[in-house]
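Visitor: Sequence first, predicted model second:
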Amino acid sequence: MELGVQGSMVELYTTPSCSSCRKAKRWLEAHEISYVEKNLLTVGISAEELKLILEKTENGFEDIISTRSRAFKDNEIEADDMSMNQLINFIIENPSVLRRPILVDNKGRLQVGFNDEEIRSFLPRKYRQLTRLGDEYLEENTTYIQALERAWDTSYIESISS
């Protein structure tokens with residue numbers, strides 16, 4: 001789904017049965033952040049996409065795969081014993097080993113899994129700055145567009161600052 005906020009496009013890697021993926025989609029939609037959903041089970045993931053994600057991680061594969069997944073157990077494979085190319089090919093063939101959701105954008109931001117605080121990094125900087133002004137300025141479910149409209153409304157700013 002694509003929504004109207006200008007800025008970076010978020011790629012959201014999901015699977016249908018993942019409740020954290022559904023939470024991430026609802027959060028992005030509620031905050032009017034554009035995203036492209038990529039279903040790992042139907043569309044898959046390419047080696048190039050994996051390499052771009054890996055470039056954004058702190059700990060490489062450890063951050064994005066679950067070595068306790070069934071695919072590792074069924075194949076009696078240890079990720080630590082595989083080369084980078086072997087592991088990439090294994091992930092392409094078994095995308096369910098990836099932790100989900102994976103959110104990534106063209107500004108270098110990456111989030112693996114759903115965390116209500118960390119996902120806020122995908123909000124535009126201006127909105128994040130506005131949310132620091134306090135609860136009286138933004139209610140809990142204020143969207144990015146609503147926050148900008150309020151920021152441009154000087155009478156609103158004057159009313160909360162007095």
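Guide: Everything's here; your move.

Visitor: Give the closest residue to the residue nearest the centre of the chain in space, chain neighbours not counted.
Guide: Nearest to the geometric centre of the chain sits Leu103, at 2.3 Å (CA atoms, centre = their mean). Leaving aside its sequence neighbours, Leu103 sits nearest to Gln111 (CB to CB, 6 or more residues apart in numbering; 4.5 Å). All C-beta atoms are positioned from the backbone trio N, CA, C, and that covers glycine.

Visitor: Show me where the chain has its helices.
Guide: With helices called from DSSP state H, the chain shows them at 19-30, 47-55, 61-64, 70-74, 84-93, 125-131, 144-152, 154-161.

Visitor: With just CA atoms, put the fifth one into CSV.
Guide: Taking only C-alpha atoms (Å, rounded to 0.1, in the frame of the first residue of the first chain), the coordinates of helix 84-93 have been written out as CSV:
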residue,chain,number,x,y,z
MET,A,84,28.2,-15.4,3.1
ASN,A,85,27.1,-16.5,-0.4
GLN,A,86,25.8,-19.9,1.0
LEU,A,87,23.8,-18.1,3.7
ILE,A,88,22.4,-15.6,1.2
ASN,A,89,21.3,-18.4,-1.1
PHE,A,90,19.8,-20.3,1.9
ILE,A,91,17.8,-17.3,2.9
ILE,A,92,16.6,-16.8,-0.7
GLU,A,93,15.4,-20.4,-0.8
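
Visitor: How is the protein divided into domains?
Guide: 10-122, 124-162 (automatic domain parsing).

Visitor: Redo these as TSV? Include mean pLDDT.
Guide: Putting those into TSV (pLDDT from 0 to 100) gives the following:
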stretch	mean pLDDT
domain 10-122	93
domain 124-162	58
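
Visitor: just the ones you listed: most buried one?
Guide: domain 10-122 (a mean of 16; mean count of other CB atoms under 10 Å).

Visitor: so the residue nearest to Leu103 touches Ser121, yeah?
Guide: Yes: applying CB atoms under 8 Å, one finds Gln111 in contact with Ser121, separated by 7.1 Å.

Visitor: who touches stretch 56-63?
Guide: Stretch 56-63 is contacted by residues 54, 64, 79, 87, 99, 104, 108-110, 112 when judged by CB atoms under 8 Å, 6 or more residues apart in numbering.
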